[in-house]
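A.B. asks: below is the sequence, then the predicted model.
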Amino acid sequence: MSIIATRELGMRFPGVLALDQLTIDVEPGVIGLVGANGAGKSTLIKILLGLLAPTSGQASVLGLDAVRDSMKIRERVGYMPENDCLPPDVSATEFIVHVARVSGLPASAARERAADTLRHVGLYEERYRPIGGYSTGMRQRVKLAQALVHDPQLIFLDEPTNGLDPAGRDEMLALIQRIGGQFGISVLVTSHLLGELERVADHLVIIDGGRLLRSQAVTDFTQASGVLAVEIEDDPANRDALGERLTQAGLRVQPDGRLLLIDIAGETTYDVVRDSVADLGLALVRMENRRHRIEEVFSS
Ligand SMILES: Nc1ncnc2c1ncn2[C@@H]1O[C@H](COP(=O)(O)OP(=O)(O)OP(=O)(O)O)[C@@H](O)[C@H]1O
């Protein structure tokens, strides 16, 4: 079942075409939405939530129409906006209980659910302190908790790693992966950094200037590339000697730092490499089929 589907979706603001004939169709899981600043990521999320009406085309979320059924969508979907929207003078517990009550839970269930959610996002110890004294990472977790507290099927996270240091980013990405895996909630997460979403997403949607560049499973981006990466013990002269030997044997070889990248020309390539290493008396450190990183796919 598609969790999000759009057909020729367009959004025109005065003087700006923010989304241009965007057609995507994605299944449940962790979906990364990647694009530079201004690519149209937040606009797409707002349309999917029914906060903005598109100027053309259609969109559906969990099989519900984004314009007609927006109230039903909001019951089933959580939203973590990009900008900070937190009241400084109340504690995380007070705020999240309030959000749970607004979503319709009775008082005692809201308190229980808020405590569980804050524990899941790693804010349990600090939950009674006023939000105003929280670090950026803690504030992001409160925003995440308010998106999760009503037990949604799908959450939209708009730039959740923004403003975090590398350790904070890693923690947030791990949390997103846990939400998708352990809790079984689908996630649409945006970032302008392809590399970080590549680590956690099952599927990537890449947009630029409001247009779709690619929508693909992450494994399809990173399929084995037909290149064998070989590393031998750390002496550049050895690496060069092996490179020369393999070239003489008819293989295409390219040095890449400590590695030799060898185009795989059939099963015999492995034997030629093994025999050449042995003949030259070299020590093999590793030999592996190389997978592309997504950024390499794009730079090519
Ligand atoms: N309410 C609005 N009125 C006019 N233009 C808008 C409005 N909202 C967004 N835009 C424009 O639409 C384009 C897409 O903006 P959007 O916020 O969706 O991009 P984004 O990919 O989320 O980028 P960022 O990460 O910087 O928020 C931009 O050119 C932006 O200036």
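C.D. replies: Everything's here; your move.
A.B. asks: what sits up against stretch 246-266?
C.D. replies: 226-232, 234, 239-240, 242-243, 269, 272-273, 276, 289-290 (CB atoms under 8 Å, 6 or more residues apart in numbering). In short, each C-beta sits where N, CA and C put it, glycine included.
A.B. asks: which ones among those residues map onto strands?
C.D. replies: Of the positions in the contacts of stretch 246-266, 226, 227, 228, 229, 230, 231, 232, 289, 290 sit in strands, assigned by DSSP state E.
A.B. asks: make sure the last one is actually in contact with residue 229.
C.D. replies: Yes. Here residue 290 reaches residue 229: they are 4.6 Å apart, a contact under CB atoms under 8 Å.
A.B. asks: need phi/psi at residue 259.
C.D. replies: Comment: the main-chain dihedrals of residue 259 come out as phi -100, psi 160, following degrees, to the nearest 10.
A.B. asks: show me what it is bridged to.
C.D. replies: As for beta bridges, residue 259 partners with residue 231, residue 256 under DSSP bridges.
A.B. asks: burial measure for it, as a count.
C.D. replies: 19 (other CB atoms under 10 Å).
A.B. asks: give me the three-state assignment for the spatially closest residue to residue 158 that is not a sequence neighbour.
C.D. replies: Spatial nearest neighbour of residue 158, excluding adjacent residues (CB to CB, 6 or more residues apart in numbering): residue 82 at 4.0 Å. Here residue 82 takes the coil state, with states given by DSSP: H, G, I helix; E, B strand; the rest coil.
A.B. asks: contacting residues for residue 82?
C.D. replies: If you count contacts by CB under 8 Å, 6+ apart, residue 82 has them with 42, 158, 159, 162, 190.
A.B. asks: check the secondary structure at the first one for me.
C.D. replies: By that I understand residue 42. Classification of residue 42 by three-state DSSP places it in helix.
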